[in-house]
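**Q** Fold the stuff below for me.
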Amino acid sequence: MSGGNGKALRELRDHPFELLKELERRSQVALAGSAGEGVQATEWVGIGFRLGAEQFIVPRDEVREVLMVPGSITRVPGAKAWLKGLANVRGHLLPLVDLRAFLGAGAGGTGRSARVLVINGGEYPAGILVDEVSGFRRFLESEHSQATPETMIRCEQYLAGSFERDGDLWPVFSAQRLVGADEFFAAASEQPAGSVAL
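**A** Numbering: from 1, shown residues only. Model prediction:
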């Protein structure tokens with residue numbers, strides 16, 4: 001470093017706590033893209049996941065937990081193929097939805113890296129099968145765009161903008177939009193005329 005900033009840091013080298021405080025302040029300023037004092041960058045946190053070859057991110061507060069795919073899943077008679085069935089998770093029945101199949105992109109959630117995202121909120125819990133979970137992803141609010149990117153898997157109606165960092169685009173998948181959609185609750189297969197769908 002050179003100039004006044006470099007001199008200020010050199011002067012603080014014998015005061016480690018003050019040096020750390022100054023480094024933290026400068027990091028906040030750099031993250032916020034501002035030169036002002038006391039800038040607090042607002043952080044957005046989500047959970048990264050993969051469907052096929054595409055990566056997405058779901059807001060952290062929309063996911064209750066991430067699970068391994070249960071070893072025993074009971075099929076539901078008369079249900080569409082994307083409703084994989086029911087799993088007993090700690091004594092509670094959890095419906096499991098193959099998200100790729102629901103979106104019409106073929107069966108997913110079958111590999112060793114597959115996981116279940118348990119959706120937070122709503123009257124009934126639901127687990128969505130994804131191909132992989134990559135953990136927490138943190139972004140600045142300033143990195144968010146309201147523009148909905150086009151996806152190969154055609155899930156634009158469930159997206160809430162995107163984040164971009166270092167050339168990587170992370171579409172924000174809204175689990176709340178998913179569980180609020182009428183088609184999400186239309187899990188019964190087409191019934192012959194005169195039959196009653198449960």
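
**Q** For the nearest residue to A81 once chain neighbours are set aside, give me its contacts.
**A** Of all residues beyond its chain neighbours, the one nearest A81 is A101 (5.9 Å), with distances taken as CB to CB, 6 or more residues apart in numbering. For every residue, glycine as well, the C-beta is placed using N, CA and C. By CB atoms under 8 Å, 6 or more residues apart in numbering, the contact list for A101 reads 81-82, 107-108.

**Q** wait, what's in contact with the spatially most central residue of the chain?
**A** Nearest to the mean C-alpha position of the chain, by CA atoms, centre = their mean, lies V58 at 1.9 Å. Residues in contact with V58, defined by CB under 8 Å, 6+ apart, are 46-47, 49, 117, 172-175.

**Q** Reformat the residues you listed as CSV; add neighbour count, distance to R90 and pLDDT.
**A** Putting the contacts of V58 into CSV (neighbours: other CB atoms under 10 Å; distance: CB to CB, whole Å; pLDDT from 0 to 100) gives the following:
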residue, neighbour count, distance to R90, pLDDT
G46, 21, 25, 94
I47, 22, 20, 95
F49, 24, 22, 95
L117, 24, 16, 95
V172, 23, 29, 95
F173, 26, 25, 95
S174, 18, 26, 93
A175, 24, 21, 92
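
**Q** Who does L67 form a beta bridge with?
**A** For L67, the beta-bridge assignment (DSSP bridges) gives partners V116.

**Q** nope, D98 is what I meant
**A** L129.

**Q** Correct me if wrong: it contacts G108.
**A** Yes - at 5.7 Å, D98 counts as touching G108 under the criterion of CB atoms under 8 Å.

**Q** what residues do the two have in common as contacts?
**A** Shared contacts of D98 and G108, defined by CB under 8 Å, 6+ apart, are found at L129.
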